[in-house]
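# Just to be clear, the model below is a prediction. Sequence and coordinates:
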Amino acid sequence: MKRVKEDILRLRAEGKSYRAIAKELNCSKSAVSYHCGKGQKEKASFRNQKNRATRSMGKRLYLFKSGNGRASPKKSKKKKNGSTTKTLLNTRVSHFRRKGHDTINISKQRYKKAKRRSTEAPPIATWTREQFEEKFKARKHCYLSGRTIDFYDPSTYSLDHITPNSLGGTNELSNCQLARPEANQAKGYLTIPEFLALCQNVLGHHGYMVIPPKEETS
């Protein structure tokens, strides 16, 4: 590349036109212009930065307008004993039990953004879908928000790690709860006390008075 630049500048100093230089060196006129024109490097750099910013902004606007920035759960057919529901439950159960293993690369990237994180993935859990169903099939409400859920309609809830993996939580059934997708997303990597404190701050910021429950006295 350095050699081409030297040849271009030499031929230009001899008084040859951009077209003649491009033909002799078998390169494009834009390459000749880039090396010979005044301020062309600065203009090209500015143009590239502008194009990158435009593409990035366009992507963000598209995600915002299309609603794909935060994908909403797909609606599934509500069949109590249907194959669709069983397939979704199997997928959710498998993902929860193996979290930090088959998605370890994604998890590590996300954990970098967390306030605290675990350096090792928790062991893969061995509990079954039947055990999961036995524990939660009668559950009617999100454990975080109290909003209604339907166990046989998996689009109404997510499987939440009560203690996040990034804080040492396991993939065992004892660390699993059902939460509305929006509540689970809001909780993120927070513990329950941290999440409740965040909710209190949000309500207080918007003018609501929050009165903590009274502690029971023996």
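On my side now, so go ahead.

# mind listing what residue 128 touches?
Residue 128 makes contact with residue 93 under the criterion C-beta atoms under 8 Å, 6 or more residues apart in numbering. Where you see a C-beta, it was placed from the backbone N, CA and C, and this is true even at glycine.

# Which pLDDT value goes with the nearest residue to residue 129 once chain neighbours are set aside?
What sits nearest to residue 129 in space, not counting adjacent residues and going by C-beta to C-beta, 6 or more residues apart in numbering, is residue 93, at 4.8 Å. pLDDT, the model's per-residue confidence, is 76 for residue 93.

# Name the secondary structure element that contains residue 93.
In this structure, residue 93 sits in helix 83-98 according to DSSP states H and E.

# contacting residues around the residue nearest to residue 129?
The neighbours of residue 93, taking C-beta under 8 Å, 6+ apart as the test, are 127-129, 132, 159.

# Can you classify residue 177 as helix, strand or coil?
Using DSSP: H, G, I helix; E, B strand; the rest coil, the three-state assignment for residue 177 comes out as strand.

# Bridging across strands, which residues link to it?
For residue 177, the beta-bridge partners are residue 160 (DSSP bridges).

# And this structure, what are its domain boundaries?
Each domain of the chain is listed here as a residue range: 2-66, 83-189, per automatic domain parsing.

# from the contacts of residue 93, which is closest to residue 89?
Using C-beta to C-beta, residue 129 is the member of those that lies nearest residue 89, at 5.7 Å.

# can you give me the helices for this protein?
When secondary structure is read from DSSP state H, the chain shows helices at 2-13, 18-25, 29-36, 40-66, 83-98, 104-111, 129-136, 181-187, 192-205.

# And those, which one averages the lowest pLDDT?
helix 104-111 (a mean of 48).

# got the contact list for residue 179?
With C-beta under 8 Å, 6+ apart as the criterion, the residues that contact residue 179 are 142-145, 157-158, 160, 187.

# 6 Å instead, please
142-144, 158, 160 (C-beta atoms under 6 Å, 6 or more residues apart in numbering).

# circling back to that earlier point, please, a PyMOL command that selects the buried ones among the contacts of residue 93?
The following PyMOL selection, which keeps only the buried ones among those, applies the criterion 16 or more other C-beta atoms under 10 Å:
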select buried, resi 127+132+159
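
# Closest one of the contacts of residue 93 to residue 7?
Nearest to residue 7 among the contacts of residue 93 is residue 159, at 64.5 Å by C-beta to C-beta.

# so what's that closest one up against?
Residue 159 is in contact with 92, 96, 176, counting by C-beta under 6 Å, 6+ apart.

# Using JSON lines, please lay out the residues you listed together with distance to residue 208 and neighbour count.
Shown next, in JSON lines, are the contacts of residue 159 (distance: C-beta to C-beta, whole Å; neighbours: other C-beta atoms under 10 Å):
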{"residue": "92", "distance to residue 208": "34", "neighbour count": "18"}
{"residue": "96", "distance to residue 208": "33", "neighbour count": "20"}
{"residue": "176", "distance to residue 208": "31", "neighbour count": "22"}
